[in-house]
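Asks: The sequence and its predicted three-dimensional model are supplied below.
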Amino acid sequence: MSIDRDTFENTSEEELADLSVPDQVLGFLDANEDRAFKAREIASQIGVDEGAVSTALSRLKDRGLVEHKATYWAITDDAERLEGYSGYERATALFNDQLGTEDKEAWREHAPQKPHPSVEDEQ
């Protein structure tokens, strides 16, 4: 799973350590989407064994989530494929763990009672 730049910058190492190696690799590559890296550079940056990173990269490549050229690896530019991998459920679980679950009743108390003008036009 990839993580957005804000999560990458604002999440502690302990919280990120809970992510699988492929998730950590993909998150790192996503945060550095304008660059390509060697496996050992990725391993050094995320603090994971190079062999585990290489295995994760191969599996991510098989899923079409990373690209490989010579000894360099980069995240794919296929946004749909990345969204399909990370998915809404995983993001929701991550944010619920970090911020707590949403209280729908509290949200409803603050929701507008009148529909947005664009919705009124359709009626």
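Replies: In hand now; what should we look at? This structure is a prediction, so every number in the text was calculated from the model and none was measured.
Asks: Point out where the chain drops to low pLDDT.
Replies: Within the chain, the set of residues satisfying pLDDT under 70 comprises 1-3, 15-18, 86-104, 106-108, 110-112, 114-123.
Asks: now with 80?
Replies: 1-19, 82-123 (pLDDT under 80).
Asks: tell me the contacts of residue 109?
Replies: Residue 109 is in contact with no residue at all, counting by CB atoms under 8 Å, 6 or more residues apart in numbering. (Each C-beta comes from the backbone N, C-alpha and C, glycine too.)
Asks: swap that for residue 74, please
Replies: Contacts of residue 74 (CB under 8 Å, 6+ apart): 29, 33, 35-37, 66-67.
Asks: Return the distance of it relative to residue 14.
Replies: 27 Å (CB to CB, to the nearest Å).
Asks: again, but for residue 38
Replies: As for residue 38, its distance to residue 14 is 27 Å (criterion: CB to CB).
Asks: Mind checking which of those two has more residues around it?
Replies: Using other CB atoms under 10 Å as the criterion, residue 38 and residue 14 rank with residue 38 on top: 14 against 7.
Asks: How about the more buried one: what's its closest non-neighbour residue?
Replies: Leaving aside its sequence neighbours, residue 38 sits nearest to residue 71 (CB to CB, 6 or more residues apart in numbering; 5.2 Å).
Asks: Which helix or strand contains residue 84?
Replies: Using DSSP states H and E, residue 84 sits within helix 79-99.
Asks: how about stretch 59-66: buried residues?
Replies: The neighbour-count check on stretch 59-66 (16 or more other CB atoms under 10 Å) flags 60, 65-66 as buried.
Asks: So for that stretch, first residue to last residue, what's the gap.
Replies: End-to-end distance for stretch 59-66, by CA to CA, to the nearest Å: 9 Å.
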